[in-house]
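**Q** Sharing a model prediction with you, sequence too.
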Amino acid sequence: MKNFHVAIIGGGVIGSAIAWELSKYKLDVVVFEKGSDVASGTSKANSGVVHSGINSAPASLKARFCVAGNKMLQPLSNQLGFPLEWVGKYVVAKNEEEVKELEQLKTVGENNQVPNLKIKDGKDIKEPNVSCYKALWVPTAGIMLPYKFTIALAENAAENNVNFLIETEVKDLKKVDNHFLIKTNKGECQSQILVNSAGLNCRNIVSMLEEPDFRLYPCRGEYLVLDKNYSNLINSMIYPVPPKELGVLGVHITPTIEGNILLGPSAEFIDDHEDKRTTKEMMQTLFNEAKEIIPRLPEKAVISAYSGIRCKLASPDEGGWADYRIEESRQTAGLINLLGIESPGLTAAPAIAKEVSKMISKSIKLNPKTNFKTRKTMNKRFSQMNPKEQSDLIKKDERWGRIVCRCEHVAEAEVIEALSNPIGAQTLSAVKYRCRAGMGRCQGGFCTQHTVRIMEEQFNIDVNKIKLKSSNSKLFSGRTREIKND
Amino acid sequence: MAVEQEITCIVCPIGCKILVRATENQFELLDGNKCKKGIEYARNEALDPRRMLTSSILVKNGEWPLVSVRSSKPVPKPKILAVLKEIKKAEVNAPIKSGQLIIKNVADTKIDIVATKSIKK
Amino acid sequence: MINLYADVAVIGAGPAGLAAAISAHENGAKNVIVLDRNSWLGGILPQCIHDGFGVEETGTSMTGPEYAEMYINAAKKQGITFMNETMVLQFDKNRKIIAINKKGLHEIKAKSIVLAMGCREKTRWNIMIPGDRPSGIYTAGVAQAFINLYNIMVGKKVIILGSGDVGLIMARRLKFEGAKVLGVVEILPYASGLPRNVVQCLDDYGTPLYLNHTITYIQGRERLESVTIAQVDEKMNVIPGTEREIECDTLLLSLGLIPENELSRNVGIEIDDVTGGPIIDQYFETSLPGVFACGNCLQVYDTVDVLAMDAKKAGKYAVKNSIKQNKDINVKAGKGIRYVIPQKISEPGKIRFTSRVEKPCESPILRLVSGDKEILKKKLRWANPANMVEFDAVISAETIKSDTALEVLLDGC
């Protein structure tokens, strides 16, 4: 039976960041991910915001890891090649009452060592489409594509010999002497250390070994994605002060790296932690509230919608706020739990990973690798390159000249690269999150046939096995005419 | 035995609902048409309804896996299922020229199935 | 960079692009280049294996592929140059086109450009249908491509949302290929496709048509499992209590077409918000001199015959390159009219207008006026948003000099 030093359960941004951190050392590491790709859960379904730390209670782990992680992200972006932009955030206040909240946020921020916070007059903010009384300017807030970040971490970890086992679900855990016996749907193995970064399933994992001393309160957030044609509506993130009226969400408007605009998220406590539906009520509310800021917004500006579920440790009655729990279980030695990693989880991830690595070093000696492979990706997409770069690529491989995604100008060679990823993820979503084919306004109307063609012709994937995103999300049901093999 | 049926006329987008009574070879217009063309259509539809059939046939060694085909003439409605069944079983080798005969006298209808697309090897 | 020159560059080799290219050539353009992003020519036609094309033009009812081949052969005979598998990335105000294919980047300097990019399909999110986000949801055109071109079946138990012609055609196609078609759901009180298609695609096969219904929920965490349909009132609001869940594994969306004008927008061509296409004058010229628009990227046409006729005009005028002597006057959509094309008249003459009404109406009277002067009055037997209205009118020099906008309106509705 295979024996690992560290087994990480959950290939979201936390699990991937930890895997990446550990891949720098001479360790045998495995990541179990029950989805068909990394970032299958909450890690891909959020606002992609890099938080400054103004929203986290001082002296909390949330604040500590957010501020530390925030500082680590630019160097990480340079090293791993995922896009990152420091667009800044305006928290806007409509009246003097709300300005008090701004001042509160500023104070919290300053206590958390967040630099350069400033409250500005409405007329001084550089947002021609937003009118407000005053706004708090947060320059160290930024945006990223959360799936690209997770994928970059995971793929570089895989390139450095971390084993990523996708569509592999942990079914049972046992502690035997000083190691763990892990049963999955695809086989068994052993590990010295267990890292529980299973997100919304973190409680299920704990309960396989001990009685959990916590409850989870899943809280769903819905989003609308707007067409890139509206990208010039805002420059920075626009967040209103949390409204006091019932039924009013206080819509956040977040630009994305690629020029779309996100409206949302909503916040709804739900029972089923896998219920990622979008609802008529929330989508309409998000749209209507956005129309207050952009009166002529047409319905066809909405090109997509999604929802993500926050892994909260506190109930709405308790105010819905609880700190992160990042700790070795007191009952089960060797089990490192990461519980309640909601916002600012994305920002905190690299700092959390370093912390977990430190925890592991107490049990296992961490010998740095001398041959760590740095990531050789191009930061730029084909469509962002200049004509000379594009022409050179086409000369090397003519498939760079075949554009298969009209909306995002993605080349066939990029789809092939996406499908060749070291994680082994080969779903339509795996392609989408890596090279953007399918994320445009036509939502796969043109490119889906090409991605399928490439999967069939270049990767020999059986048409009946082609999936959208998860193991049972098959796209097709056979052939129009069966091909008989003579 | 005369059967009363309502026929939706398809000659123009108004789509009049024409009430007719028909036996195997006798036709009686009852009501509903707004013009003369509708009467002719309703008669044909009641006594001998036919449909132009289009479908696909599997191609061997072609640049595309399927060739689109059509019936050379409208097919009597009662025979449609049998014709489709034969089309489903058929295979044809590339190259194919549009208009090429693929199935002669399909399902004993005296109607042929021809290719509507040219396909190279 | 590969440098090319063209008298007329046509973007799109679908029915509009083909017709425009041939017409341009016939009207004197020696060097005509047609660019298309697909490996095949004909645009959407090769996957439209049903018949009904070209009835007005040729007197026979052809299938899409046959109609396409007729035009492609004619075009090739005339020596028109085709660049397939070529994506136009952009063009600038001087009509310099940047296009890319396996040979590399191309810079094409064109004396005039004809836009014939066609349209894309409305997606689920354009109407924000709530629920899960499973596999098994396709726009009708994409399903059609898989079934007819790639030999791939999309599912077994199908519900179709939208009773436009594409949805109806697919209802029959899926039935032919052994799928269970559980019904077509339509929010209006009438089918938006032709009665011929309702009869031959639904009635013939006992496929139910749920009028005054919409889909209120999509269920299925991985692959589609069911949809919930509900009845709506005259204001298209859901009537509570009428919800019904229908088990299915495939949902086809036939919600309507959106003219594809990203290239036009990028270069600043004025777009009509109602049609979704460029604002043109009677010569099919857009707000950018030397750039003409035709086909579905100009407005969504009902039949390929009318589309081709207009495209031929666009191709002709792209060669003649009209020199505008007078200032344009605007043509406005008035009471009861959704839109009118052309939106501008630059010279006097007989002009063919195409238009759509706002709602169904029996025996309306169509009027074209300039201020309080009536230019045209036409009685229609019926009018329906799904059927384009065409009419001719002679616009005099005085009308143009008067600088008053023209207005098309509908009385008697």
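**A** It's in. Because the structure is a prediction, the values reported are computed rather than measured.
**Q** Where does the residue of chain A found nearest chain B sit: helix, strand or coil?
**A** Among the residues of chain A, A:R481 lies closest to chain B, at 4.0 Å counting by Cβ to the nearest Cβ. Yep, even glycine has a C-beta here, placed from its N, CA and C like the rest. Using DSSP: H, G, I helix; E, B strand; the rest coil as the criterion, the local structure at A:R481 reads coil.
**Q** Point out where the chain drops to low pLDDT.
**A** Went with chain A since none was named. Scanning chain A for pLDDT under 70 picks out the ranges A:246-249, A:376-379, A:485-486.
**Q** Not quite, go with chain C.
**A** Counting by pLDDT under 70, the low-confidence segments of chain C come to C:321-326.
**Q** Quick check, central residue of it?
**A** Averaging the C-alpha coordinates of chain C gives a centre point, and the residue nearest to it by Cα atoms, centre = their mean is C:V300 (2.6 Å).
**Q** ok, back up a step: the residue of chain A closest to chain B and C:D403, how far apart?
**A** The span separating A:R481 from C:D403 equals 62 Å under the rule Cβ to Cβ, to the nearest Å.
**Q** hang on, the earlier thing: tell me the SS of the residue nearest to the centre of chain C?
**A** The local conformation at C:V300, judged by three-state DSSP, is coil.
**Q** Check A:L194 too.
**A** Going by three-state DSSP, the state assigned to A:L194 is strand.
**Q** Dig out what it forms beta bridges with.
**A** A:A7, A:L335 (DSSP bridges).
**Q** which residue sits closest to the residue nearest to the centre of chain C in space, ignoring its chain neighbours?
**A** Once its chain neighbours are removed from consideration, C:V300 has its nearest residue in C:L257; the separation is 4.8 Å (Cβ to Cβ, 6 or more residues apart in numbering or on different chains).
**Q** what's near enough to touch the closest residue to chain C within chain B?
**A** Chain B approaches chain C most closely through B:G15 (3.0 Å), counting by Cβ to the nearest Cβ. Shown here is B:G15, whose contacts under the criterion Cβ atoms under 8 Å, 6 or more residues apart in numbering or on different chains are B:T8, B:C9, C:L194, C:P195, C:V198.
**Q** B:A90 now?
**A** Contact criterion Cβ under 8 Å, 6+ apart gives B:I57, B:L58, B:I102, B:I103, B:I113 as the residues in contact with B:A90.
**Q** more crowded one of A:R481 and C:D403?
**A** Set side by side, A:R481 and C:D403 give different neighbour counts by other Cβ atoms under 10 Å in any protein chain shown, the larger being at A:R481 (21 against 12).
**Q** My guess is that one contacts B:L58. True?
**A** Yes - at 4.0 Å, A:R481 counts as touching B:L58 under the criterion of Cβ atoms under 8 Å.
**Q** Could you tell me which residues touch both of these two?
**A** B:P65, B:L66, C:N151.
**Q** looking at those residues, which has the most residues close by?
**A** Top of the shared contacts of A:R481 and B:L58 by neighbour number is B:L66, holding 24 neighbours under the definition other Cβ under 10 Å.
**Q** number of nearby residues for the nearest residue to it once chain neighbours are set aside?
**A** For B:L66, ignoring the flanking residues on the chain, the nearest one in space by Cβ to Cβ, 6+ apart is B:S56 at 4.2 Å. If you count neighbours by other Cβ under 10 Å, B:S56 ends up with 26.
**Q** what is B:S56 paired to in the beta sheet?
**A** Listed by DSSP bridges, the beta-bridge partners for B:S56 are B:S68.
**Q** Name all residues that make contact with C:E243.
**A** For C:E243, the contact set (Cβ under 8 Å, 6+ apart) comprises C:T216, C:Y217, C:T228, C:I229, C:A230.
**Q** you'd agree the fourth one is in a helix?
**A** No - residue state for C:I229 (three-state DSSP) corresponds to strand; a helix is not indicated.
**Q** Kindly provide the distance from it to A:P255.
**A** Distance from C:I229 to A:P255, by Cβ to Cβ: 37 Å.
**Q** Relative to the whole chain's centre, how far out is stretch C:24-42?
**A** A distance of 19 Å separates the centroid of the chain from that of stretch C:24-42, by Cα atoms, centre = their mean, to the nearest Å.
**Q** Please identify the buried residues of that stretch?
**A** C:24-25, C:29, C:31-38, C:40-42 (16 or more other Cβ atoms under 10 Å in any protein chain shown).
**Q** Please flag which of the residues you listed sit within helices.
**A** Using DSSP state H, the subset of the buried residues of stretch C:24-42 located in helices is C:A24, C:H25.
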